[in-house]
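One predicted model, sequence on top.
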Amino acid sequence: QVQLQESGPGLVKPSQTLSLTCTVSGDSITTSNYYWSWFRQSPGKELEWIGAIFTTGTSTHAPSFSSRISISRNTIKNQFTLQLSSVTPEDTAVYYCARHYGPYREGTSLLRGRGTQVTVSS
C-alpha cells in the first residue's frame, strides 16, 4: 500500500522559508514512472498545484512560484522536499504531497497524503 506523509513546521514567520518533507512508503520515488507533487489549499479556494519532481529528479513548478520555490529529493530516505522562501500570510494553507501519472492537469487522479496545516504569522 502506497502512503505519503507530509511533515514540517505548522507555523512560519513572514519572510522566512517554509520547508516541508514528504515521506513515501510502498513505492520508490526513483523507479516508478510518476510525478511527485506538492499542492496547497486555502479556505474557500481550489486545490493549487505548486510543483513536482519526476522520477529522473527533474523538477517543475507553477510559474507563480518560480522566484521562490525549490523542490528536491532524498533518494536514500525516499523523501521529497518543498522549500518556499519569502512567505507571506497568503501562503497559509493546508499543504499536500501527492503522486500522479503525467504532468498535472485539472482532473488528474491523485494519490495524496493527509495534508499538513501551515500558518504564516508573526
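Structure's in. What do you need? Numbers count the residues shown, from 1 in each chain.

Now the residue nearest to the spatial centre of the chain: which helix or strand?
Central residue of the chain (Cα atoms, centre = their mean): Trp38, 2.2 Å from the mean position. Using DSSP states H and E, Trp38 sits in strand 35-41.

Can you tell me which helices and strands that strand packs against?
Strand 35-41 sits against strand 18-25, strand 48-54, strand 93-100, with contacts defined as 3 or more Cβ pairs under 8 Å, 6 or more residues apart in numbering; DSSP states H and E. Backbone N, C-alpha and C define where each C-beta goes, glycine included.

circling back: wait, doesn't the residue nearest to the centre of the chain sit right on Ser59?
No - checked against Cβ atoms under 8 Å, the pair Trp38 and Ser59 is beyond contact range at 10.2 Å.

quick check: angle from the strand holding Trp38 to strand 48-54?
160 degrees (axes from the mean of the first three to the mean of the last three Cα atoms, to 10 degrees).

Would you mark the buried spots in stretch 58-75?
Buried residues in stretch 58-75, defined by neighbour count with 16 or more other Cβ atoms under 10 Å: 59, 61, 65, 69, 71, 73.

now do the same end-to-end measure for it.
13 Å (Cα to Cα, to the nearest Å).

tell me the phi and psi of Asp91?
Dihedral pair for Asp91: phi -90, psi 0, per degrees, to the nearest 10.

coming back round to it: give the bridge partners for the residue nearest to the centre of the chain, please.
Gly51, Cys97 (DSSP bridges).
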